[in-house]
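Trainee: got a predicted structure here, sequence first:
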Amino acid sequence: MDPERATISGKVLVQRIAPGSKSDRVGAVLTDGTGRTYALRRAGANPFSDAAIDGLVGKTITGTGIVSGGSFIMDSWSVEPPPSKG
């Protein structure tokens, strides 16, 4: 499958990625609210440890980048403001 550019919005969570493979780890994922979950990476950064991505955990973001397999490799993103307490 060829990588494709995409803009995806969703919540960043931590969960197990690639269970049973050589890349099996716990890491950041982006859930898009439609049932799709992507292993979240930043273009040009270490795919296994990235403080910038770790800082997004628990936040809702909109990211732009490349979807490749089950990964979303972002080159830019914005953090959505938290919902107002009313």
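Mentor: Ah, there it is.
Trainee: so where's this protein uncertain?
Mentor: Within the chain, the segments meeting pLDDT under 70 span 1-2, 86.
Trainee: can you pull out the helices in the protein?
Mentor: 51-54 (DSSP state H).
Trainee: can you give me the strands in the chain?
Mentor: 4-17, 25-31, 37-42, 60-68, 71-79 (DSSP state E).
Trainee: can you list the strands that the fourth one pairs with?
Mentor: According to DSSP bridges, strand 60-68 has the following sheet partners: strand 4-17 (antiparallel), strand 71-79 (antiparallel).
Trainee: neighbours of Trp77, how many?
Mentor: 22 (other C-beta atoms under 10 Å). Using the backbone N, CA and C atoms, a C-beta is placed for each residue, glycine as well.
Trainee: mind listing what it touches?
Mentor: 56, 61-64 (C-beta atoms under 8 Å, 6 or more residues apart in numbering).
Trainee: between those residues, which is nearest Ser49?
Mentor: Within these, proximity to Ser49 (C-beta to C-beta) peaks at Leu56, which comes in at 13.9 Å.
Trainee: who's in contact with the residue positioned nearest the centre of the chain?
Mentor: Nearest to the geometric centre of the chain sits Leu40, at 2.8 Å (C-alpha atoms, centre = their mean). Leu40 sits next to 12, 27-30, 53, 56, 63, 71-72, 74 when contact means C-beta under 8 Å, 6+ apart.
Trainee: who wins on neighbours among the contacts of Trp77?
Mentor: The most crowded member of the contacts of Trp77, judged by other C-beta under 10 Å, is Gly63 (23 neighbours).
Trainee: what's the distance between that one and Gly70?
Mentor: 15 Å (C-beta to C-beta, to the nearest Å).
Trainee: ok, now Pro82?
Mentor: Noted for Pro82: a distance of 28 Å to Gly70, by C-beta to C-beta.
Trainee: picking that back up, any idea which of the strands of the chain is most buried?
Mentor: Ranked by mean neighbour count, these are led by strand 37-42 with a mean of 22 (mean count of other C-beta atoms under 10 Å).
Trainee: okay, that one in PDB with CA atoms only?
Mentor: Extracted in PDB, the C-alpha atoms of strand 37-42 (Å, rounded to 0.1, in the frame of the first residue of the first chain):
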ATOM      1  CA  THR A  37      -6.500   3.700  15.300                       C
ATOM      2  CA  TYR A  38      -3.100   4.700  14.000                       C
ATOM      3  CA  ALA A  39       0.400   4.200  15.600                       C
ATOM      4  CA  LEU A  40       1.400   7.900  15.900                       C
ATOM      5  CA  ARG A  41       4.800   9.000  14.800                       C
ATOM      6  CA  ARG A  42       6.500  12.300  14.000                       C
END
